[in-house]
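Peer 1: below: sequence and its predicted model.
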Amino acid sequence: MKYGENIFNVTLNTRGLSRWSVAQVRFFTANQDFREPPEDQFGKYLEDDTQFEARTIAEDTAGFLSFLGMSRLSQNDKRLDIARHAAAFLLERQMTAYNIAAYFDNDAEKIRQGFLANVGMGYGPKKTNMFVRDMVVLGVWPNLSNMQVIDVASDRITMKLALRTRILQTEIPLLSSFLDIFGYQYGYIDEMSATTWRTVWEEWKAIEPATAPAAPCMMDFLLYRIGREYCEDKLVEFVCDNGHRFFHFGAKLKLCRQCRASLTPVRRLIPCQVNANQLPHDEDGIAIGRDESASDIWRRLHF
């Protein structure tokens with residue numbers, strides 16, 4: 001209610017590209033596994049737009065991966081197959097990525113089923129949900145029907161958030177640390193996480209329909225940011241030589257905010273373990289989720 005729909009926005013710099021171009025870039029990048037996403041995938045399009053043409057990718061798939069800087073990553077054979085199959089998906093239908101919506105009658109469910117039926121192009125449930133969400137949020141396909149079928153693109157961050165908030169609970173402890181869950185256990189938690197966030201969305205619609213997003217997937221990037229920026233033990237409790245106590249994100253702070261005395265870190269915490277009023281906030285009351293230098297804080301508080 002306070003921040004409006006902008007709180008759900010995907011923070012991708014599309015470099016002012018047309019809707020056609022945005023769709024083409026995302027279609028050929030969202031299906032790949034990155035340790036870290038390309039820094040400027042839309043900027044790469046500005047360097048050479050022909051590299052994102054389906055025909056070019058089909059004829060020189062290795063060249064496309066090299067152009068994106070992906071050829072140095074592991075599982076290169078798999079990446080080649082994914083890019084090749086994705087190019088074939090468009091070529092066989094004689095269309096571009098932008099035309100996918102019209103091809104499937106502007107129906108999110110039909111798009112989803114069409115992607116999942118084409119095994120090999122890298123679009124499983126998670127990445128299909130993510131791609132459709134991006135196309136809607138970025139204004140490429142603003143009028144899709146059946147958006148309610150598109151779930152949160154479950155990943156380790158949204159799963160971790162579901163488990164830590166205990167909206168998803170297990171009857172017995174997980175058999176290993178969260179990041180080491182593989183096989184059936186991982187797959188089941190992944191599936192249940194998506195179901196859980198759908199339940200949250202349904203509850204949200206029932207309680208506050210005016211602010212509820214149009215589909216579960218529209219919560220995706222908000223949840224991702226919460227998990228990435230806050231669901232870690234990077235909140236540090238400090239005490240200064242004069243006894244002042246407060247919390248700060250990160251352990252780099254050296255001087256007390258109140259008296260400028262030297263500080264001693266006491267313990268690390270996850271932000272949800274602390275009363276929200278005690279968290280560091282900016283001038284607008286928004287919790288700060290990153291480390292700031294002492295000079296940054298001093299400047300913000302006093303100038």
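Peer 2: Structure received.

Peer 1: the residue of the chain most remote from its centre: which element?
Peer 2: Centroid-distance maximum for the chain: residue 242 at 41.8 Å, with CA atoms, centre = their mean. Taking DSSP states H and E as the definition, one finds residue 242 inside no helix or strand.

Peer 1: now do the contacts for it.
Peer 2: Contacts for residue 242 were tallied using CB atoms under 8 Å, 6 or more residues apart in numbering; they are 256, 258-259, 261. All C-beta atoms are positioned from the backbone trio N, CA, C, and that covers glycine.

Peer 1: what's the farthest-apart pair in those residues?
Peer 2: Using CB to CB, these reach their maximum pairwise distance at 258 and 261, which is 8.4 Å.

Peer 1: please enumerate the shared neighbours of those two.
Peer 2: 240, 242, 244.

Peer 1: and the contacts of stretch 87-99?
Peer 2: The contact list for stretch 87-99, computed with CB under 8 Å, 6+ apart, reads 19-20, 23-24, 26-28, 54-55, 57-58, 61, 103, 118, 121, 140.

Peer 1: max-length helix in the chain?
Peer 2: Looking across the chain with DSSP state H, the single longest helix is helix 183-207.

Peer 1: ok, and what's touching it?
Peer 2: Helix 183-207 is contacted from outside by 125-126, 151-152, 154, 158-159, 162-163, 167-168, 174-175, 181, 211-213, 215-216, 219, 223, using CB under 8 Å, 6+ apart.

Peer 1: what comes up buried for it?
Peer 2: Across helix 183-207, burial judged by 16 or more other CB atoms under 10 Å covers 186, 189-190, 192-194, 196-198, 200-201.

Peer 1: tally of neighbours for residue 4?
Peer 2: Using other CB atoms under 10 Å, the number of residues around residue 4 comes to 9.

Peer 1: what do you get for the one 10 residues further on?
Peer 2: As a burial measure, residue 14 scores 20 neighbours (other CB under 10 Å).

Peer 1: with residue 126 instead?
Peer 2: Applying the criterion other CB under 10 Å, we find 17 residues in the vicinity of residue 126.

Peer 1: just checking, it touches residue 154?
Peer 2: Yes. Between residue 126 and residue 154 there is a contact under CB atoms under 8 Å: 5.8 Å.

Peer 1: residue contacts, residue 19?
Peer 2: 98, 138-140.

Peer 1: and the residues you listed, which are buried?
Peer 2: Neighbour counting with 16+ other CB under 10 Å marks 98, 138, 140 as buried within the contacts of residue 19.

Peer 1: gap between the first one and residue 145?
Peer 2: Spelled out, it's residue 98. 18 Å (CB to CB, to the nearest Å).

Peer 1: now swap in residue 15 and tell me
Peer 2: 29 Å.

Peer 1: any idea which helix or strand carries residue 63?
Peer 2: Assigned by DSSP H and E, residue 63 belongs to helix 61-68.

Peer 1: nearest to residue 82, of the buried residues of helix 183-207?
Peer 2: Residue 82 lies nearest to residue 190 out of these, by CB to CB, at 19.7 Å.

Peer 1: re the thing from before, of the contacts of residue 242, which one scores lowest on pLDDT?
Peer 2: The pLDDT minimum for those sits at residue 258, where the score is 89.

Peer 1: can you pull the contacts of it?
Peer 2: By CB under 8 Å, 6+ apart, residue 258 lies in contact with 240, 242, 244, 246.

Peer 1: can I get these in a markdown table with distance to residue 75, pLDDT and secondary structure?
Peer 2: Below are the contacts of residue 258 laid out as a markdown table (distance: CB to CB, whole Å; pLDDT from 0 to 100; DSSP: H, G, I helix; E, B strand; the rest coil):
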| residue | distance to residue 75 | pLDDT | secondary structure |
| --- | --- | --- | --- |
| 240 | 50 | 95 | strand |
| 242 | 55 | 96 | coil |
| 244 | 51 | 94 | coil |
| 246 | 46 | 90 | strand |
